Structure formats: structure tokens, C-alpha cells
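Peer 1: sequence below, structure please.
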Amino acid sequence: MSMWRASGRGIQTAMYLSRWLMTPFLVGLICSVVLIVIRFFINLVTLAIRLPVEPWQDLVVDVLNLIDLTLMANLVLIVTFSAYGNYIHKIDAADHAGWPPGLIDIDFSMMKQRLLGSIAGIAAVDSLAWYLDLENHADASKLIWAIGFPLMFVVAMAILALADWLGRR
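Peer 2: Next comes the predicted model:
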């Protein structure tokens, strides 16, 4: 019996230590945020150069693309901090008094809401950019998808919020 118990402890220890296998993924996500920052500034400089001759509709679409990149970076950071705090090491708020609460204590329910909210925001911004450039995209079926896609995430977010609320009762 003690051999089984020792074997079980070994498996538990291996499973516990396997959480560190998430580290390369999280480092990769942090690197992707650096790439998003670089793309943001490339787009910003390009926008500034074209500004004198760019129609206002194109300016709005370009600014929406900057917002898209910002929301994408937020999304990546939400996933990164949540995964780190939930799987690798709990972040103690007392040790990081200056950190925003949204980075320290992200449980799975909160992460789902933020994740879906960010995705819905990104989809809505993309839909608005697509709508503003409607002259070049006059396909009605694509317009329906461009509107329906963000609504799908909003509905999913509402259903998950309801499920979380019911689960806490």
C-alpha cells in the first residue's frame, strides 16, 4: 500500500511542477505584446504621415485600428496575468500595493468576462471600421456577419454572467 501512496505523491508532485511548463507560453505572450506595441507605433507614424491628405473616414478607420491593437494588448495581458496567478504563483496584493486590482486577483469567472468583453470590443471596433468603409465592402451578407459577430460575444458574455451569478447563489 505504501508503494501506491508514494507513487501517488510522485504523480501529484509531477503534476504540481508541470505548472511551470506554462512559463514559455506566458513569456511568448509578453513578447507578443511588445510586437503589438511596435505595430501600434508603426501604424501611428504612418497615420501621422498620411494625415494631411487622408479623408476623415479613413482617419476614423485608422484610429479604430489603433484602438483594436490596444484592446488586443489588453486581452493578451489579461490572459497572461490570469494564467500566471492561477497556475504558476498567486500574486499577493500586499506585496504589490501599487498594482491595479485587475492584474492581481483575476479568478476564472472574472477572466472569462474580461476575455469575452475584450473580444466583443475588438469585434465591435472591427465592425465599425468595416461599416465606415462600406463603399469598398458593399456585400450585404458580410455586413450581417460584421454586425452579428460582436453581438454573439455580447450574448455569450451575458449567458456566462448569468451562469456565474446562479453558481454563486
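Peer 1: ranges for the helices of this protein?
Peer 2: Remark: helices assigned in the chain by DSSP state H are 2-17, 23-50, 56-83, 101-104, 108-132, 140-168.
Peer 1: using neighbour counts, pick out the buried residues of the last one.
Peer 2: Taking 16 or more other Cβ atoms under 10 Å as the neighbour-count basis, helix 140-168 is seen to contain the buried residues Ala146, Pro150, Phe153, Val154, Met157. Using the backbone N, CA and C atoms, a C-beta is placed for each residue, glycine as well.
Peer 1: which member of those is positioned nearest Val34?
Peer 2: Phe153 (26.5 Å; Cβ to Cβ).
Peer 1: tell me the pLDDT at that closest one?
Peer 2: On pLDDT, Phe153 comes in at 74.
Peer 1: try Leu160
Peer 2: Leu160 is given a pLDDT of 76.
Peer 1: what about the nearest residue to it once chain neighbours are set aside, neighbour count?
Peer 2: The shortest distance from Leu160 to any non-neighbouring residue, by Cβ to Cβ, 6 or more residues apart in numbering, is to Lys112 (5.4 Å). By other Cβ atoms under 10 Å, the residues close to Lys112 number 17.
Peer 1: point out where the chain drops to low pLDDT.
Peer 2: Scanning the chain for pLDDT under 70 picks out 1-6, 93, 101-109, 133-140.
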